[in-house]
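Participant: kindly return the folded structure for what I paste below:
(chains A, B, C and D)
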2 protein chains.
Amino acid sequence: MDISTASRALNGRIGPRSKVRERVLEAARRLNYRPNPLGRALVLGRTRTIGLLVSDIRNPFMTDLARAVEETAHQAGFDLLLCNSGLDRDKQMQYFSALLDKRVGGLILNFVPPLDRAQHQQIAASGIPVVLLSPAPRGSPLSTVCCENLRGGELVGEYLIRLGHRRLAHLTGSLAHPNFAARWRGFRRTVRTLAPECQLVLLRGMHDFQGGYAMAQGLLRHHPHVTGVFAANDAIAFGALAAFHAAGVKIPDDVSLVGFDDVELASIAHPPLTTVHQPVAEIGRAAVEIISRHWHNALSAPVHLRFSVSLVERDSCRAI
Amino acid sequence: MDISTASRALNGRIGPRSKVRERVLEAARRLNYRPNPLGRALVLGRTRTIGLLVSDIRNPFMTDLARAVEETAHQAGFDLLLCNSGLDRDKQMQYFSALLDKRVGGLILNFVPPLDRAQHQQIAASGIPVVLLSPAPRGSPLSTVCCENLRGGELVGEYLIRLGHRRLAHLTGSLAHPNFAARWRGFRRTVRTLAPECQLVLLRGMHDFQGGYAMAQGLLRHHPHVTGVFAANDAIAFGALAAFHAAGVKIPDDVSLVGFDDVELASIAHPPLTTVHQPVAEIGRAAVEIISRHWHNALSAPVHLRFSVSLVERDSCRAI
DNA sequence: CTGAAAGCGCTAACAG
DNA sequence: CTGTTAGCGCTTTCAG
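Facilitator: Numbering: from 1, shown residues only, chains lettered A, B, ... in the order given. Next comes the predicted model:
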């Protein structure tokens, strides 16, 4: 018996009832044999590693996502390479190439700023399964998994209007990012429809804690009359909370604040944050599943998933 | 010219002024050549990947650490494999073995529960550089990077006593973990010394948000008279905060609360959390540096680093 | 079903 | 300084 037979046995390419198979498995166990993934990867041209490329893992939504992704990936026999690209487009592409060089088995990307159609094609041309965490342009060759961003924005608009707020602000990141763009579109459209007289200011900055802090400061300085604030994600909302707190502005007494994501920490904020819930664990699971299926050639066309959202009311808003 | 020459040129094992070197580099650029790390890893027997093994990346301290580690690692030409082992000892060792199989270039471990002397030896026997995020038993063959846990506990003890609290509680994880053990030891010792009459209750549970929540609930039920609480990390403190909030207990009016870690989010809690600061970015950098040095054979003996801590006063405590 | 042989892309030991 | 050769550990034709 030689090693090719052993290889076949270990990989199940041999009759399951075969005597040889048993002997190989037995010997492997006895010798405590552990296959070297590098040898395998070299000949196969790909690894069982999933790359997760985000701008900053400290964004609590990304943290929760990473956890879910790692867990699912591990169960499916993959491991997780974590990359923080920041907001720099070049650095993003540089990371991307490095991951390709490493022959990752799949990629989960949250590109900020996002790519154009040509870049989508280019990425797809790499041949490795890619899942985008945002909606793609129509006909994109890449898989996408995201939530109903537009609907989320609408929910917040309806809610704040219903509470009687008429001077609103939206604190967001780059509107070039499809997720943020959709949240804003849904919010604005709803507000415009429900209360056309409503005053609506848009502030853009970093989509993280710091950015939220800075934007809230700017808001207090230049638009002190605003009573309802929609932060495009919970990280921004947390930053805003801190800034309001520091400035002596009471939430929800002086200003009502709504976030987006419903990260675990939203409930510990001061006060507990009203926010749009998206099912992060399911999103992570779905992304891994798509990659795993592609890996096993059980999937060829890109798939597009969109999870529904809901508003979870806590204590950061009140009627006016 | 053949490929071994090219290999040497690319790896700088050739006179920097050599004509050949120039030609190789030029050709590589022109052909857009990208070395395949798998081929290299296979022959070298190791990769430029660092494994980070923690119980849960959602612990905000670990999130901050992961960010720092990834950044430093990337600069040093390494990438980061993230593993969440949970609290299960077997799963930990299983992850550990899997990482060895993958020929990682180094490992950063936050084992919970921790290993005994024999296991330290066993891990060291694997031959790959390992950095523990906790103090090791004397004479451990593994490198360690941590903070002055004992001193941190003392600081909190001094502080709460100085504020006049005499009914104290400590909310922590497994005391088998050296970090938690040291924090508790420092705290208790100081309290016992400064105010021997002081009542001191110890609660153990999960060292995360949920655990903090549960422990605070238990505290309210069984020890409602406690006025000063020291949480062994910020995640526990956040959970406790939520539980207190839910129960209508005012912080700091009814209870003073101190955390440990000083994660970014500590400032947004309600109220902003008084906590022990440890320099997470420096810790992450140091861990990567140790591994990188080992990788380049510029280091053979294990190194032990301990960073200093300080108490940052915010608004979660008051004098009694 | 099994063995022999080739080769994935790279580095290193050894001669020239 | 350069080329030749061998081999890292694995999978996969291709014959037997």
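
Participant: how close does the residue nearest to the spatial centre of chain A sit to residue A:112?
Facilitator: Most central in chain A under C-alpha atoms, centre = their mean is residue A:133, positioned 5.0 Å from the mean C-alpha point. Distance of residue A:133 to residue A:112, computed by C-beta to C-beta, to the nearest Å: 10 Å. Every C-beta, even on glycine, is put in place using the N, C-alpha and C of the backbone.

Participant: residue A:37 now?
Facilitator: Applying C-beta to C-beta to residue A:37 and residue A:112 gives a distance of 32 Å.

Participant: the more surrounded of those two?
Facilitator: A direct count of neighbours by other C-beta atoms under 10 Å in any protein chain shown for residue A:37 and residue A:112 places residue A:112 higher, at 23 against 20.

Participant: contacting residues for the more buried one?
Facilitator: For residue A:112, the contacting residues are A:55, A:87, A:92, A:173-174, A:176-177, A:207, by C-beta atoms under 8 Å, 6 or more residues apart in numbering or on different chains.

Participant: give me the phi and psi for it.
Facilitator: Dihedral pair for residue A:112: phi -140, psi 120, per degrees, to the nearest 10.

Participant: could you report the pLDDT at it?
Facilitator: pLDDT recorded at residue A:112 is 71.

Participant: go ahead and build a PyMOL selection from the buried members of the contacts of residue A:112.
Facilitator: Selection of buried members from those for PyMOL, criterion 16 or more other C-beta atoms under 10 Å in any protein chain shown:
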select buried, chain A and resi 55+87+92+173+174+177+207
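
Participant: so which bits of the stretch 101-250 of chain A are right by chain B?
Facilitator: A:101-103, A:209, A:238-239, A:241-242, A:245 (C-beta under 8 Å from any C-beta of the partner chain).

Participant: the same query, at a cut-off of 6 Å, please.
Facilitator: Proximity of the stretch 101-250 of chain A to chain B, by C-beta under 6 Å from any C-beta of the partner chain, involves residues A:101-102, A:238, A:241-242.

Participant: which helix or which strand is home to residue A:119?
Facilitator: Secondary structure assignment for residue A:119, by DSSP states H and E: helix A:117-125.

Participant: spell out which parts of chain A neighbour DNA strand D.
Facilitator: A:3-4, A:7-8, A:10-11, A:13, A:34-36, A:38-40, A:42-44 (C-beta under 7 Å from any atom of the strand).

Participant: of the residues you listed, which is the nearest to residue B:27?
Facilitator: Here the nearest of these to residue B:27, counting by C-beta to C-beta, is residue A:42; it sits at 23.5 Å.

Participant: surely the closest one is in contact with residue B:38?
Facilitator: Yes: the pair residue A:42 and residue B:38 passes the contact test of C-beta atoms under 6 Å, sitting 4.7 Å apart.

Participant: more neighbours, those two?
Facilitator: Taking other C-beta under 10 Å, residue A:42 and residue B:38 do not tie; residue B:38 has more neighbours (23 against 20).

Participant: residue A:39 is in contact with the more buried one, correct?
Facilitator: No: here residue B:38 does not reach residue A:39: they are 9.0 Å apart, not a contact under C-beta under 6 Å.

Participant: spell out which parts of chain A neighbour DNA strand C.
Facilitator: So chain A meets DNA strand C at A:1-5, A:8, A:14-15, A:18-20, A:39, A:42-43, A:45 (C-beta under 7 Å from any atom of the strand).

Participant: now the strands for the stretch 51-200 of chain A?
Facilitator: Assigned by DSSP state E, counting those that start in this stretch, the stretch 51-200 of chain A shows strands spanning A:79-84, A:106-109, A:130-132, A:143-147, A:167-172, A:199-204.

Participant: make CSV out of those and add mean neighbour count and mean pLDDT.
Facilitator: Below are those laid out as CSV (neighbours: other C-beta atoms under 10 Å in any protein chain shown; pLDDT from 0 to 100):
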stretch, mean neighbour count, mean pLDDT
strand A:79-84, 23, 97
strand A:106-109, 26, 96
strand A:130-132, 26, 95
strand A:143-147, 24, 97
strand A:167-172, 25, 98
strand A:199-204, 17, 98
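
Participant: wait, which of these is closest to residue B:311?
Facilitator: Evaluated over the strands of the stretch 51-200 of chain A, closeness to residue B:311 peaks at strand A:79-84, with 29.8 Å, by C-beta to C-beta.

Participant: tell me the angle that closest one makes with strand B:79-84.
Facilitator: Between strand A:79-84 and strand B:79-84, the angle comes out at 120 degrees (axes from the mean of the first three to the mean of the last three C-alpha atoms, to 10 degrees).

Participant: pull the residues that contact strand A:79-84.
Facilitator: A:49-53, A:56-57, A:70, A:73, A:95, B:70, B:79-82 (C-beta atoms under 6 Å, 6 or more residues apart in numbering or on different chains).

Participant: closest one to residue A:285 out of the residues you listed, please.
Facilitator: Closest approach between the contacts of strand A:79-84 and residue A:285, by C-beta to C-beta: residue A:73, at 9.6 Å.

Participant: residues near residue A:118, how many?
Facilitator: 8.

Participant: so how far is residue A:157 from it?
Facilitator: 34 Å.

Participant: burial measure for residue A:224, as a count.
Facilitator: Using other C-beta under 10 Å, the number of residues around residue A:224 comes to 12.
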